[in-house]
Each structure stands twice: as C-alpha cells, then as structure tokens.
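# Generate coordinates for the sequence data below:
(chains A and B)
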Amino acid sequence: MHEWALAEGVIDTTVKVSREKKLKEISRVVITLGELQQIDEEIFKFALREIIKPTSIFKKTEFKFEKEKAVLRCKVCTTEWEFGDMLCGLDDVEVESIHFIPEMSHIYMKCPGCGSRDFEIVKGRGVWIASIEGME
Amino acid sequence: MDPRLNIIAHRLENVDRLIAVSGGKGGIGKSSVASTLALCLSKKNYRVGLLDLDFYGPSCHLILGIKGVYPEEERGILPPQVYGIKFMSIVYYAKENPLTVRGIDISNSIIELLAITRWEELDFLIIDMPPGIGDTTLDVIRLLKGVEFLVITTPSKVVLETVKKTLEMLKEAHVPILGVIENMKLNNSSWTRQEIETFDVKYLGEIGFDRSFEDFVGDRNKLLKSSFVEDINKLIPNLD
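Got it, this is the predicted structure:
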C-alpha cells in the first residue's frame, strides 16, 4: 500500500497547518488526485481513516477528493495529450512504475505527435492538497 | 500544498547519519566509493542504507552485482536488503532504460522516493550523487536535514578545479563537509592534499588506482578482497 505513505504526508501536512493557523478542528481537506499516479481512492481513504484515528482535530473532518486529468505537453512540437489516451498501450509493469514514480512516464511514453520523450507534465501528476479548512 | 515534503523528515528520523558522496565530475569513482563504503560499513555490522540518486546513470547495482530484487510495498516502500544493505534505486522502476527528464522531473522523482521509502532504523544512509552541483545536490541540501558531504576527487587538475566549485558551494550553503577523498592515486604526490588543505577542508586520505577494479565490478566477493576495499576500510575511522 504505497498510498499509505502519501496519506501520511497529507495528514502530517494538515497537522502542521493546523498548528501554524491555531486550528482546533479541521472541517475539510480537499485533495487533488492527479490521474498520472493512478492512486486507488478507496485505499487512500482507508489509509487516511486509519492514520487519523488517534488525532482529535480530525473528528469531524470531511476529506473531499477531486480527480484531475493528466495532461502532457511535448517540449519539441508542443503537442498536448492526455495520459488516459495512452494508458491502454502500457503493460502492467510500466503502469506500476508510473504509479510509484510518475516521472517514469518519460520512459514508457512518447509524444504522439513527434515521438519525443522531452515532454512536460502540465497537470494531473499526483497527490496534492488543494485546501485545508478548520475552526480556531 | 505538496503533502510529500512534510513527511520526508519523518522517514529519516531514525537514520543516524546521512552521507552524500559527491564530486564535480563524472567518472571519478563516486559510485564505486559510495557502494563500497556501504558494503564495508555493513561488514562492520552497521545498519546501512544505500540510495542511488544518479538518475541519469545509476550504477551502484552494477558495482555490487545487485539484481533480481524489488522493493516490498508495505505502508510505503521497503527497500530490499542485499548483502546487509537496504538498497534503493530508480532502476527498480526505470529498469535499464535511459531516463530522459529535465530538472523539475528529477526534483519530483527525488521527493517521491524520499517520501515513500521507509528506511526504518539505520546507522548510515549513503547517498550516491550524480556529477555536478545541480538539481540533485540542491534537493539533497534542501530536503535532507543534517546531511554531510563526502567529496571525491582524483589527482587530475581538471577534476580538482570542479571539486573546488563543489566545496565552495557547500561551504556557502553551510552544509557539513566530512572531507575529501583522493581516488585513483597513482604516485606519492602531495599536491592534491595541499590544495584541499588550503581550501580549509579535511583531506581524509587516498585510494590507490586499482588496475584490476573492472574485474571486481558486479562481484561482491572479489570486491571485498580488493585493495580498493582495503583503502576504504582505512578511511572509515576518518569519517567520525
């Protein structure tokens, strides 16, 4: 469960923010899940629930998930494409490598326009905290 | 907010010493020293991790002959233990393919590896650095609090000029420098030592040029009997 490690990051960061902003309760955390990393939302939710158990500030917290399509742009010919369009051409090992380190997409994917591996991940890379809301 | 940044310190909280093996140029023996140092420390019963951060040319696995292992997934990633060393490298995911990425991707990959890898308790985490003082060096300084740099040079004047830049950069960033090791030593010249000492950095010692080194690459048992290992073992007490 690699998702667990990233869920720990979300909770640790939220606790840090709550201390900085002197929040006694966290009401909502909005988490963006970038498509490229293919995080399993159910496993991620389970990990979050398990990790927050001993922490009182999370008693009434809603974890809201927003999925973001992964968009890639070629540096050479400027072609833009979505990861989802290429997913079916990848085997399980390649998909798993990208799951662990999304930058491995540069090995297992090429620009559909010119074939270059020199592309950027414009959006939808991985896990991101969009916002943390709470009460003082 | 990036949730990975905050967790890195926790992942390393039970690691006693973080040693980044660095140097300005490629081909001066950073990976050989890093891999062999990890092996020698492990033979001395220290709990050792080895992290290969040379994403463009990972080679610790080749030097130590590590193959057929893969990290276990357990609330993150558990590095496989080989020859007593917990070993983490991009090769698990990149295989033997070239990784064509720019700086931002290097940074993101380093952050991801550091955020998900569970080293647990270690006496030493040895980090094999790529050549130069670019993205990886900046990220290691930024993300790994308490990291100490072990700088490799050779008797080459060209290499030393680049190593001086590395030392200057580290000093300016107030990063602890354990000292400099002179690798591939061919004669008794004390020129490198003098140059390093005028730079106010400890000269830790030398490793003789081993003409048969290539015969040991990939064979841990042969490597352990080499003069290279003998020289590394002599240098270990100087790391304190």
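
# now the helices: where do they sit in chain A?
Remark: helices assigned in chain A by DSSP state H are A:2-20, A:41-52, A:83-86, A:92-100, A:105-108.

# Determine how far the fourth one lies from the middle of the whole chain.
The chain centroid and the centroid of helix A:92-100 are separated by 15 Å, computed with C-alpha atoms, centre = their mean, to the nearest Å.

# Give me the helices and strands touching it, please.
On a contact count with 3 or more C-beta pairs under 8 Å, 6 or more residues apart in numbering or on different chains; DSSP states H and E, helix A:92-100 meets helix A:105-108, helix B:91-94. No exception for glycine: its C-beta is placed from N, CA and C like everyone else's.

# and the last one, how far out from the chain's middle?
Think helix B:91-94. Centroid separation between helix B:91-94 and its chain, computed with C-alpha atoms, centre = their mean, is 18 Å.

# ok, that helix near chain A or not?
Yes: using C-beta under 8 Å from any C-beta of the partner chain, helix B:91-94 reaches chain A at B:93-94.

# which parts of that helix are buried?
Neighbour-count burial for helix B:91-94, counted by 16 or more other C-beta atoms under 10 Å in any protein chain shown, picks out B:91-94.

# From chain A, how far out is the residue nearest in space to the middle of chain B?
By C-alpha atoms, centre = their mean, chain B has its centre lying nearest to residue B:128, at 2.4 Å. Using C-beta to the nearest C-beta, to the nearest Å, residue B:128 is found at 17 Å from chain A.

# And the pLDDT at that residue?
Residue B:128 carries a pLDDT score of 98 in this model.

# Hmm, it is touching residue B:22, no?
No: assessed by C-beta atoms under 8 Å, residue B:128 is found out of contact with residue B:22, at 9.0 Å.

# picking that back up, nearest to residue B:123, of the helices and strands packed on helix A:92-100?
The closest of the helices and strands packed on helix A:92-100 to residue B:123 is helix B:91-94. By C-beta to C-beta, the value is 23.5 Å.

# which other helices and strands contact that closest one?
In terms of contacts (3+ C-beta pairs under 8 Å, 6+ apart), helix B:91-94 is packed against helix A:92-100.

# I would like the residues contacting the helix it packs on, please.
For helix A:92-100, the surrounding residues in contact (C-beta atoms under 8 Å, 6 or more residues apart in numbering or on different chains) are A:2, A:36-39, A:87, A:90, A:104-105, A:107-108, B:77, B:93-94, B:112, B:116.

# Just the terminal-to-terminal distance for stretch B:145-158.
31 Å (C-alpha to C-alpha, to the nearest Å).

# can you tell me the average pLDDT over it?
96.

# ok, and does it reach over to chain A?
No: applying C-beta under 8 Å from any C-beta, one finds stretch B:145-158 separated from chain A by no less than 15.2 Å.

# Let me know the pLDDT of residue B:190.
93.

# hey, what's in contact with both of residue B:128 and residue B:22?
Common contacts of residue B:128 and residue B:22, defined by C-beta under 8 Å, 6+ apart, comprise residue B:30.
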